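J.: Next input, structure requested:
(one chain, ligands or ions: 2)
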Amino acid sequence: MRTELHASYSAFSRAVHWLTLVLFVGLFLIGWFLDDLPQEMRPPTLQLHKSFGITVLALTVLRLIWRFAAGVPPMPADLPAWQKLAARAAQYALYGLLLAQPLVGWLWSSAATKPINFYFLGQLPWLIGPDKQLSRTLAGLHGTIAWALLVLIAIHAAAALYHHFVRRDRVLLAMVGGGAGR
Ligand code: HEM
Ligand code: HEM
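T.: Residues are numbered from 1 along each chain as shown. Ligands and ions are numbered 1, 2, ... in the order given. Sure thing, here's the model as predicted:
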C-alpha cells in the first residue's frame, strides 16, 4: 500500500538479500583465487563455488515469487522520478544477472562435462550435451557477467549509503530493520 511509508522488507526478503551478499563474497573469492590454492584443494573448493551459485539461483527464484506475491515497500514519496526509475532498473538488472550467472555456470559445466556435485550430496543433471566450442563461449560470458555484477552491486551499495547518510531516509533501514513489512 502506498501509505505504508515506514514499511520494511519482510524478514524473508531481508534474510535472502543479506544471505545473497554473503554467498557473493564466497563466490567471487573462490572464482578469482581458486588457482592460488594448493592443487588438492581446488576440486572441492570449485564444487563449493558451484553449490553456492546454484543456491543463489534457487534463492533468487524464491525471492522473485515472493516479491511479486507480496510487493515491496514504497520508495520515499519525494524521491525524484529519475532516481526511482534508476533504482528499479538497477534492481531488475541485478535480478536478471542473478538468474543468468548461475544458469551460464550450469550450462558451461554441462557443455564441458564437468559435474556439479551439489554440496557433495549428489550430482545435478546436465542441462545440455558436451560442446567444447560452446563451453569456451560460456566461460567467457561467465567472466563478463561477473564484472557486470560487480559494477552494478557497487552502484547499488553506493546508492543505499547515499540514502542513509545523505538523504537520511528509510531505504537502507527497510532492508536492515524489522517492523511490519513485506
Ligand atoms: C551468482 C552466481 C555466480 C557468480 C557470481 C560466479 C562468479 C564467478 C567468478 C567471479 C569467477 C571467476 C571468473 C574469471 O576468473 O574470469 C567464476 C569462475 C567459475 N565459475 Fe562461477 N559464479 C557463479 C555461479 C557458478 C555456477 C552455478 C557454476 C557451475 C555450476 C560456476 C562455475 C564456475 C567455474 C567452473 C569457474 C572457473 C573456476 C576456475 O577454474 O578458475 N559458477 N565464477
Ligand atoms: C553491498 C551491500 C548492499 C547494500 C548496502 C544493499 C542495500 C539494499 C537496499 C537498501 C535495498 C532496498 C532498496 C529499495 O528499497 O528500493 C536493496 C534491494 C535490493 N538489493 Fe541490495 N544491497 C547490497 C548488496 C546486494 C547484492 C550483493 C545483491 C545481489 C547481487 C543485491 C540485490 C538487491 C536487489 C535485487 C534488491 C531489490 C529488492 C526488491 O525490491 O525486490 N544487493 N539492497
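
J.: which is the next helix or strand following the helix or strand harbouring residue 143?
T.: Element membership for residue 143 (DSSP states H and E) is helix 132-162. Once the chain leaves helix 132-162, the next helix or strand it forms, by DSSP H and E, is helix 171-176.

J.: Show me what from the protein comes close to ligand 1.
T.: Applying C-beta under 6 Å from any ligand atom, we find that the chain lies next to ligand 1 at 24, 27-28, 31-32, 34-35, 46, 49-50, 53-54, 56, 101-102, 105-106, 109, 116, 142-143, 146, 149. The way it works is simple: take the backbone N, C-alpha and C, and place the C-beta from them, glycine included.

J.: what's around residue 40, how many residues?
T.: The number of residues packed around residue 40, counting by other C-beta atoms under 10 Å, is 7.

J.: Relative to residue 142, how far out is residue 160?
T.: Counting by C-beta to C-beta, to the nearest Å, the gap from residue 160 to residue 142 is 26 Å.

J.: so where's this protein uncertain?
T.: 1-6, 178-182 (pLDDT under 70).

J.: Show me which residues of it sit near ligand 2.
T.: Going by C-beta under 6 Å from any ligand atom, the residues of the chain near ligand 2 are 17, 20-21, 24, 67, 72-73, 75, 87, 91, 94-95, 98, 153, 156-157, 160, 171-172, 174-175.
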